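1. Structure here, sequence nowhere to be found:
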Ligand SMILES: [Zn+2]
């Protein structure tokens, strides 16, 4: 296990030297020190998909000098975060005027003043733009509403966009409305990655948790986002905004602490691979591993050294007891079937599901593979996570795939349930306890992502 760690000046703008002997790395040299110039040059090449030069010159990058103003974007790397799919949307920019434009031609459709709420909807391949009272405000001289595919909503500099169907949430950056069906469109927030991360961090981890845990979380979230940014570049968005990928709540979740943590770890990512050829990996994380983290292979189908399971004696100490070991759940078989079909309609071919057998289990009690048998004799397999995701509802709080399954005749009884989430990678409550014990963020990342390397992507 090794974790490269360089003594670059991440926090120069506040006059602090973070790194070796800094407040957040406790002075331990956990691996070879790499010169910043080499590191930056490497990062430009290895962390593919960045269309700007991150390695303009060795030394502290110019970007850090520019980051003096909190409103200035620290990087031109953006994340496209999917917010929702809908056929109508309320939009407002409370503080600045904003522009709606045709994404393809960049032609302006309409400029609206600060505080002016508009409504955009899409019906039969045609956009409609109305005011609060429902009056059509699509200008006669604008590109025709039926000929526009995607719309961008761009506030004037430093403006925020409030958007939603009923309740409005506020975001930095701009919006992209992607028409992927005649009567609906996807709403995507295009935002610089550091602002994005401030909105992730506040949604993923309580801000009163120790700094080391917050920093480890932030680096994992940055790695995760950049991995998907690189892998989804041909798609309409990079990443979702719910717990299915990573939570992102926009401006409402930004706090001074989340913003500080993002700045303190600016550009830092985890990577893995042969020395000099390390690549980003999806740095998964979950709330409570339940005593042992899970291999990524049975959950996500990828076998990587940093995503191998490891024992975690930490989360038990600080996790809410009812989440660390959650109560027994009894699931009526007809409801169990209904939930499975809702999530996986192809299971209808089994007719009535008469048996569910655990085929593969991790040594630490997580269901890795289950076999479903239908009343017509047909069989189908699901991963433990797929089963858990199908059965999870607010009433049936099956928090993880770590449980025992019993057939009671009319129902499935689920007991011995441990942990919360898929259990792969960093254990959030575990990292909280490690931080409380005085371990720094590098220790935490090294523990949960063995053989990973900490590098600067920008
Ligand atoms: Zn844990």
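-> Arrived safely, thanks for sending. Only a predicted model underlies this, so the values are computations on that prediction, with no experimental measurement involved.

2. Report the separation between the residue of the stretch 101-250 of the chain found nearest the ion and residue 134.
-> In the stretch 101-250 of the chain, the residue that lies nearest the ion is residue 213 (12.2 Å; CB to the ion). The way it works is simple: take the backbone N, C-alpha and C, and place the C-beta from them, glycine included. Using CB to CB, to the nearest Å, residue 213 is found at 48 Å from residue 134.

3. And for residue 328?
-> In terms of CB to CB, residue 328 sits 51 Å off from residue 134.

4. The two: which is more packed in?
-> Between residue 328 and residue 134, counting by other CB atoms under 10 Å, residue 328 is the more crowded of the two (12 against 8).

5. Would you agree the more buried one is in contact with residue 412?
-> No: Residue 328 lies out of contact with residue 412 (CB atoms under 8 Å); the separation is 11.1 Å.

6. Quick one: low-confidence residue ranges for the protein.
-> By pLDDT under 70, the weakly predicted segments of the chain are 1-75.

7. residues in this structure within reach of the ion, list them.
-> Within reach of the ion by CB under 5 Å from the ion, the chain has these residues: 289, 312, 315, 427, 430.

8. if we go to 8 Å?
-> Within the chain, the residues that sit near the ion (CB under 8 Å from the ion) are 288-293, 312-316, 319, 419, 423, 427, 429-430.

9. which helices and strands sit right next to the helix or strand hosting residue 356?
-> Using DSSP states H and E, residue 356 maps to strand 353-361. Here strand 353-361 touches helix 333-343, strand 367-374, strand 404-407, going by 3 or more CB pairs under 8 Å, 6 or more residues apart in numbering; DSSP states H and E.

10. how far is that strand from where the chain is centred?
-> With CA atoms, centre = their mean, to the nearest Å as the basis, strand 353-361 stands 31 Å off its chain's centre.

11. again with stretch 313-325
-> 23 Å.

12. what comes up buried for it?
-> 314-316, 318-319, 323-325 (16 or more other CB atoms under 10 Å).

13. Of these, just say which sits nearest to the ion.
-> Once CB to the ion is applied, the member of these that ends up nearest the ion is residue 315, at 3.1 Å.

14. residues contacting the closest one?
-> When contacts are counted by CB atoms under 8 Å, 6 or more residues apart in numbering, residue 315 touches 288-291, 324, 419, 427, 429-430, 433.

15. Of these - the most surrounded one?
-> residue 289 leads the contacts of residue 315 on contacts (other CB under 10 Å) with 36 neighbours.

16. which residue sits closest to that residue, ignoring its sequence neighbours?
-> With sequence-adjacent residues excluded and distances taken as CB to CB, 6 or more residues apart in numbering, residue 289 is closest to residue 427, at 3.9 Å.

17. So what sits opposite that neighbour in the bridge?
-> residue 286 (DSSP bridges).

18. That one contacts residue 314, doesn't it?
-> Yes: using CB under 8 Å, residue 427 makes contact with residue 314 at a distance of 6.9 Å.

19. Need the overlap of contacts for these two.
-> By CB under 8 Å, 6+ apart, no residue touches both residue 427 and residue 314.

20. is it true that residue 170 lies in a helix?
-> No: remark: residue 170 does not belong to a helix; assigned using DSSP: H, G, I helix; E, B strand; the rest coil, it is strand.

21. isn't it right up against residue 162?
-> Yes: the criterion here is CB under 8 Å, and residue 170 meets it with residue 162 at 4.8 Å.

22. Overlap in contacts, the two.
-> residue 94.

23. what's around residue 334, how many residues?
-> Residues within reach of residue 334, counting by other CB under 10 Å, total 12.

24. same check, this time on residue 76
-> Counted with other CB under 10 Å, residue 76 comes out at 13.

25. Helix or strand for it, just tell me which one.
-> Using DSSP H and E, residue 76 falls within no helix or strand.

26. if I read this right, it contacts residue 193, doesn't it?
-> No: under the criterion of CB under 8 Å, residue 76 makes no contact with residue 193, lying 9.4 Å away.

27. Sort out for me which of the residues of the chain next to the ion are in strands.
-> Taking DSSP state E, the ones among the residues of the chain next to the ion that sit in strands are residue 427.

28. Just the ones of the residues of the chain next to the ion in helices?
-> 315-316, 429-430 (DSSP state H).

29. In TSV: these, plus distance to residue 303.
-> TSV is the format used below for those (distance: CB to CB, whole Å):
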residue	distance to residue 303
315	24
316	27
429	26
430	22
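
30. and which of those residues is nearest to residue 378?
-> residue 315 (39.5 Å; CB to CB).
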